[in-house]
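Novice: quick one, fold the following:
(one chain, ligands or ions: 2)
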Amino acid sequence: MAHYDCLVIGAGFAGAVTAGELARRGNRRVLVLEKRDHVGGNAYDRLDASGILIHQYGPHIFHTSDRRVYDYLSQYTDWRDYRHEVVASVPAPGGRMELPVPFNLVSLETAFGPEKAGELAGKLIAAYGAEKKVTILELRSNPDPEIAALADYVYDHVFVRYTMKQWGQRPEEIDPNTTARVPVFLSRDCGYFQDPWQGMPLNGYTPIFERLLDHPNITVELGTDAARLLTLGDALLLDGEPFAGTVIFTGALDEFFGCRFGRLPYRTLDFRFETHAEDFYQSHATVNYTMDEDFTRITEFKRLTGQVLPGVTTVMKEYSRAYAGAEGEVPYYAIIAPENNALYARYAALAGRYPQLRLLGRLAEYKYYNMDAIVGRALALADELLGG
Ligand code: FAD
Ligand code: UDP
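Specialist: Residues are numbered from 1 along each chain as shown. Ligands and ions are numbered 1, 2, ... in the order given. The predicted structure follows:
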């Protein structure tokens, strides 16, 4: 193994961007080990049996406010101009209604009609300012009885059951930054994100990873686990031989250390794909079920990707549950909470005994990062390792 300068565990955005940068900018020889049979991590997409481009591990929409990240990825893909809009499907008299999410001034009108909505909007804007974002927890602490009643409405219609399904806990019990991702927005803008750069990779995500990793200095081995990397005293062994180069680890840190302090808690997801013989199945790419059903949301891929294929469409329902570490289960969401962060800190301190070992990514850092944050962090790590 002496002929590799760096070892990268995992071929998601964290691993692929770091490997690509170390190879291209640093002329390092990089070995990438990925336990799945494909690259791309959770952003992996592929054609299903009906020829629909699906996201196998959940819907991925690119958005960023980081110019460097956008410019960097634009070297590896063209973009489809796409701005994500989400609605909550809720029971209503005589059927169902669709409320734009984040709950905004259009949602207010849909729920209460123009007159009442106008009054409430005036009050909200006087309290917080036009175009402002207010978290549901903040809104619920407002002493004004009318605003408090509205906050209860939004809490009941958008947050409480969805959060119970997704996390098994109520909104006030989970990390406040999580519900803050989807604030109440005092605007008529129905976009899910307000970042200046948003879109979908024109030909999907997987080709980005294939391009990132296509370099003579990079070797990718699929279907192989980090179990090939072991600790011995203060040394790291790869396939039984001491490995002195930099190791970038992007998997779950507790599993790397044999869960010796106990398992880090995660949520996992079950995805149910359905193919329907119709052009389109639903009104938006993502419809959240915030008051009923067992799944959290349904995503229709053609609406994300813009793929034109008449008479057929594939949708996906997401069911969340506790991760137990069983064979084939994927730890998708770290459960950010003080006791879990403290457990993570013990593993991170253990990892700190190996200065050549660097932790990067949503799993290895036990954080709720979007793709752009991971790409930004991978570029910053490459800068640091390459000294500039
Ligand atoms: P991952 O993509 O998880 O890649 C880690 C890789 O390491 C995987 O391929 C894994 O198989 C491999 N690996 C793990 N352990 C080992 C091991 N022991 N040995 C070998 N290989 C290993 N972000 C957005 O910006 N927009 C979105 O719309 C969005 N939607 C999401 C929807 C869902 C359901 C989820 C779960 C996440 C979503 N994200 C989204 C976040 C996005 O998936 C992550 O930011 C991104 O994938 C993080 O990249 P990563 O490389 O850290 O992790
Ligand atoms: N959320 C909610 N209702 C919604 C959308 C989001 O209660 O209709 C809450 C829920 O707790 C969720 C969090 O906001 O986990 C973050 O939502 P986001 O869409 O950012 O989650 P992700 O796409 O990362 O799963």
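
Novice: ok, the nearest residue to T246 once chain neighbours are set aside to N27 distance?
Specialist: Nearest non-adjacent residue to T246, counting by C-beta to C-beta, 6 or more residues apart in numbering: C6, 4.7 Å away. Just so you know, the C-beta spots here come from the backbone N, C-alpha and C atoms, and that holds for glycine as well. Distance of C6 to N27, given as C-beta to C-beta, to the nearest Å: 11 Å.

Novice: D214 too?
Specialist: Counting by C-beta to C-beta, the gap from D214 to N27 is 16 Å.

Novice: repeat for V90
Specialist: Distance, V90 to N27, using C-beta to C-beta: 56 Å.

Novice: tell me which of these two has more neighbours.
Specialist: For the pair V90 and N27, the greater number of neighbours falls to V90 (20 against 10), based on other C-beta atoms under 10 Å.

Novice: so which bits of the stretch 51-200 of the chain are right by ligand 1?
Specialist: By the rule C-beta under 6 Å from any ligand atom, the part of the stretch 51-200 of the chain lying against ligand 1 is 58-61.

Novice: measure the residue in the stretch 201-350 of the chain that ligand 2 sits nearest to to ligand 1 for me?
Specialist: Among all residues of the stretch 201-350 of the chain, N288 sits closest to ligand 2, at 3.9 Å; criterion: C-beta to the nearest ligand atom. According to C-beta to the nearest ligand atom, to the nearest Å, N288 and ligand 1 sit 13 Å apart.

Novice: same thing with G41?
Specialist: 2 Å.

Novice: just give me the neighbour total for the residue nearest to T246.
Specialist: 24.

Novice: how about Q56?
Specialist: Neighbours of Q56 (other C-beta under 10 Å): 17.

Novice: residues of this structure that sit close to ligand 2?
Specialist: Residues of the chain lying near ligand 2 (C-beta under 6 Å from any ligand atom): 88, 101, 158-159, 162-163, 166, 178-179, 181-182, 288, 290.

Novice: restricted to helices, list these.
Specialist: Taking DSSP state H, the ones among the residues of the chain next to ligand 2 that sit in helices are 162-163, 166, 178-179.

Novice: as TSV, these with pLDDT would be great.
Specialist: Formatted as TSV, those follow (pLDDT from 0 to 100):
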residue	pLDDT
Y162	98
T163	98
Q166	98
T178	97
T179	97
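
Novice: redo those as CSV? Include neighbour count.
Specialist: Shown next, in CSV, are these (neighbours: other C-beta atoms under 10 Å):
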residue, neighbour count
Y162, 22
T163, 23
Q166, 19
T178, 17
T179, 20
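
Novice: what's the next secondary structure element after the worst-scoring helix or strand of the chain on mean pLDDT?
Specialist: Least confident helix or strand of the chain, by mean pLDDT, DSSP states H and E, is strand 229-232 with a mean of 89. Next helix or strand after strand 229-232 toward the C-terminus (DSSP states H and E): strand 235-238.

Novice: could you list the low-pLDDT ranges of this protein?
Specialist: Low-confidence segments of the chain, defined by pLDDT under 70: 1-2, 388.

Novice: list phi and psi for the residue lying farthest from the centre of it.
Specialist: Distance to the chain centre peaks in the chain at E115, reaching 38.0 Å (criterion: C-alpha atoms, centre = their mean). Phi and psi for E115, reported as degrees, to the nearest 10, are phi -70, psi -60.

Novice: all helices for the stretch 1-150 of the chain, in order.
Specialist: 13-24, 67-74, 105-128, 136-140, 145-154 (DSSP state H, counting those that start in this stretch).

Novice: tell me what the longest one is packed against?
Specialist: Counting contacts by 3 or more C-beta pairs under 8 Å, 6 or more residues apart in numbering; DSSP states H and E, helix 105-128 packs against strand 95-101, helix 145-154.

Novice: one more time with 6 Å, if that's ok
Specialist: Packing partners of helix 105-128 (3 or more C-beta pairs under 6 Å, 6 or more residues apart in numbering; DSSP states H and E): strand 95-101.

Novice: quick one: is the helix or strand hosting R321 near ligand 1?
Specialist: Assigned by DSSP H and E, R321 belongs to strand 313-322. No. Strand 313-322 does not reach ligand 1 (C-beta under 6 Å from any ligand atom); its nearest approach is 6.7 Å.
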